[in-house]
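Undergrad: Got a sequence here, can you model it:
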Amino acid sequence: MASPPAIAAKHPCADIQRPVSNVVATKEVAEAIGRDYRTLPTFEKGLFEYKGRKLYSLETNEFLKCHWKEYVRHFEDRVFAPFQFLDIRDYHFINCRNQLRPDVSTHTKAEFRFTLKPGPGVDVVHGTQLPIPQELLMTRGEAKSKRPKTGKARTSKENTEKLPEKK
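TA: So this is what the prediction gives:
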């Protein structure tokens, strides 16, 4: 009984061979690297980037071009789902091995403790009492008349004598 063909053989780009970078550091390559940069980088970095541009170009790489056409085909009909990224805090060392266990992570557990919130006039950042601006200070009742300061304190007898009589 014959086995079914491999999944990769069914792909339209299966017959195209992957290109191999065969760029060798020659005088022409060195001049091309020097022309492409305003400041001359280290030669190894420039050669690596030069190979990458030649190897992974859609103009020269048939394998890449074929796969790009397959990727773009019916792109508008695709259903996009949100990504679910794993959190490094969900990995735990249990029974001598690393395990992905989001259920035992402390950062995802609900916190049912009561927390105190700063009340009015409390600075949230420093946790201290905020000063009341002078414009917001109020006095009760009518404005008191100014009396000349004599330097001595008033007695309760003087206060009662100074009160106006009611009519």
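Undergrad: so for the biggest helix by length in the chain, what's the average pLDDT?
TA: Scanning the chain for the longest helix, with DSSP state H as the assignment, gives helix 43-55. Taken as a whole, helix 43-55 has a mean pLDDT of 81.
Undergrad: What of stretch 103-120?
TA: 78.
Undergrad: circling back: and the longest helix of the chain, which residues are buried?
TA: Gly46, Leu47, Tyr50, Lys51, Lys54, Leu55 (16 or more other CB atoms under 10 Å). Glycine gets a C-beta too; all of them are placed from N, C-alpha and C.
Undergrad: who touches the fourth one in this structure?
TA: Contact partners of Lys51, counting by CB atoms under 8 Å, 6 or more residues apart in numbering, are Ser21, Val23.
Undergrad: same question, the fifth one
TA: For Lys54, the set of contacting residues under the criterion of CB under 8 Å, 6+ apart consists of Ser21, Val23, Thr60.
Undergrad: quick one: it from Gly46, how far?
TA: Here Lys54 is placed at a distance of 13 Å from Gly46 (CB to CB, to the nearest Å).
Undergrad: can you list contacts of stretch 95-110?
TA: Taking CB under 8 Å, 6+ apart as the rule, stretch 95-110 contacts Leu86, Asp87, Arg89, Asp90, Tyr91, His92, Phe93, Ile94.
Undergrad: again, only using 7 Å
TA: Residues from elsewhere that reach stretch 95-110, judged by CB atoms under 7 Å, 6 or more residues apart in numbering: Leu86, Arg89, Asp90, Tyr91, His92, Ile94.
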